[in-house]
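S.K.: Everything below, folded, please.
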Amino acid sequence: MKKLSKNEIVHKKIYNSLDEFKHQLNIWRFEGNRIVFTNGCFDLIHLGHIDYLAKSADLGTKLVVGLNSDLSTSNLKGPNRPVTHQKSRSAILASLFFVDAVILFDNATPINLITGIKPDVLVKGADYNLHEIVGGQVVSENGGEVKTIEFLAGYSTTSIINKIKAS
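M.R.: The predicted structure follows:
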């Protein structure tokens, strides 16, 4: 069997749809892995993102990141976003050793991914109330947990963009 290059390993972790990901999910479920899901735009990856994702990964054995596509990010954040395109954002996320899969989605929310994956743990930032988290009810009804994680103070993509604009 051919050994994969590091670049091939990174790109093998990126999925363009839930359908593409289902086979890998079934293998992980069969192996008894605890699936953690989180999502976001992850535009201009910074220390706050790394902290959040690492803490999310610690809640299970496989971390799946739903990544807002360029279209979805622009719809959520405005016409000047994302700063970095989805190909770049997905590769950066997939290169993190504690991220096991990145799945792109075009919708405003990841509800279709959450419903299809039925993660054991759904994670969002602590700026959300538990009852407001999209997909929380689906996860709870399937025996999973919904968790929030405090953000690392002083780190945000918007503040980085504003600092760049000011300089």
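
S.K.: any chance you could map the helices in this protein?
M.R.: Secondary structure of the chain, counting by DSSP state H: helices at 6-12, 18-30, 47-57, 70-77, 86-94, 111-117, 136-141, 157-166.

S.K.: quick one: average pLDDT of the fourth one?
M.R.: Per-residue pLDDT values over helix 70-77 give a mean of 95.

S.K.: Next one: the nearest residue to Leu93 once chain neighbours are set aside from Ser140, what distance?
M.R.: Using C-beta to C-beta, 6 or more residues apart in numbering and skipping the chain neighbours, the partner closest in space to Leu93 is Val102 (4.9 Å). Just so you know, the C-beta spots here come from the backbone N, C-alpha and C atoms, and that holds for glycine as well. Between Val102 and Ser140 the computed distance is 25 Å (C-beta to C-beta, to the nearest Å).

S.K.: ok, those two, which is more surrounded?
M.R.: Between Val102 and Ser140, counted using other C-beta atoms under 10 Å, Val102 has the larger neighbour count: 27 against 14.

S.K.: distance of the more buried one from Asn162?
M.R.: For Val102, the distance to Asn162 - C-beta to C-beta - is 27 Å.

S.K.: Over to Thr84?
M.R.: Going from Thr84 to Asn162 by C-beta to C-beta gives 16 Å.

S.K.: The two - which one has more neighbours?
M.R.: Thr84 (18 against 11).

S.K.: what's the pLDDT at the closest residue to that one other than its chain neighbours?
M.R.: The shortest distance from Thr84 to any non-neighbouring residue, by C-beta to C-beta, 6+ apart, is to Asp43 (6.0 Å). At Asp43, the model reports a pLDDT of 90.
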